[in-house]
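Colleague: A structural model of the following input is requested.
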Amino acid sequence: MEAFNWFDSGSVSVKVAFDWNVQAKFLETVDGKGSDLSSAFFSTKEIPGHQWKLQLSDLGAKLRISLLHYVNTDGILANIIDPFQVKIAITNKNGVKLFQRVLYSHIHTFVYFDLIKEEILKSKCRQADGSLTISCVNECMVKKQPASGIPQPVGINCTHQLTAQLEELFD
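Modeller: Numbering: from 1, shown residues only. The predicted model follows:
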């Protein structure tokens, strides 16, 4: 019989916010030949070893905004085990968020959504210099760190106790 291990599953919500201003010249074309554009890595100390970056892709008449999750800056994409929520929007020159999407991810290395380029151009969401500002808020659930002096949760082997109780039940 395999032992049942119980662990404290207390978690806390951690938000990572990032704004990316990018010149997307392929926004005004529909040939789909623009090269992908990537932001710098961004992270938070509450989730050590994990980083994200935004990517803009030219899909012809559409534009794809992706959030990629990395385990380090060596280009290794993470396989996300715990679900997370992402809010991505394009912020106009007045600070108003347009085209906001809320995405949920579980067991993927990235999330994305597509926008029609013509709608972006008509919405006047570009900055004065023609660039786009993409706003991203990533919310993850992470294990709470125990306060100092409190022991770490440990596995409890319930096999012996369970066996004894089952024997009493069937006697």
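Colleague: right, and Lys33 touches Ser57 too?
Modeller: No: using Cβ atoms under 8 Å, Lys33 makes no contact with Ser57, being 11.6 Å away. Yep, even glycine has a C-beta here, placed from its N, CA and C like the rest.
Colleague: State the mean pLDDT of stretch 17-30.
Modeller: For stretch 17-30, mean pLDDT is 89.
Colleague: helices and strands of this structure: which one bottoms out on pLDDT?
Modeller: helix 159-170 (a mean of 57; mean pLDDT, DSSP states H and E).
Colleague: before we move on, back to that, so Lys33 and Ser57 - more neighbours on which side?
Modeller: When neighbours are counted by other Cβ atoms under 10 Å, Lys33 and Ser57 differ, and Ser57 comes out ahead with 19 against 9.
Colleague: Leaving out sequence neighbours, find the closest residue to the more buried one.
Modeller: Nearest residue to Ser57 in three dimensions, chain neighbours excluded: Arg64, at 4.1 Å (Cβ to Cβ, 6 or more residues apart in numbering).
Colleague: go on, Leu54?
Modeller: That would be Ser39: by Cβ to Cβ, 6+ apart, it lies 4.3 Å from Leu54.
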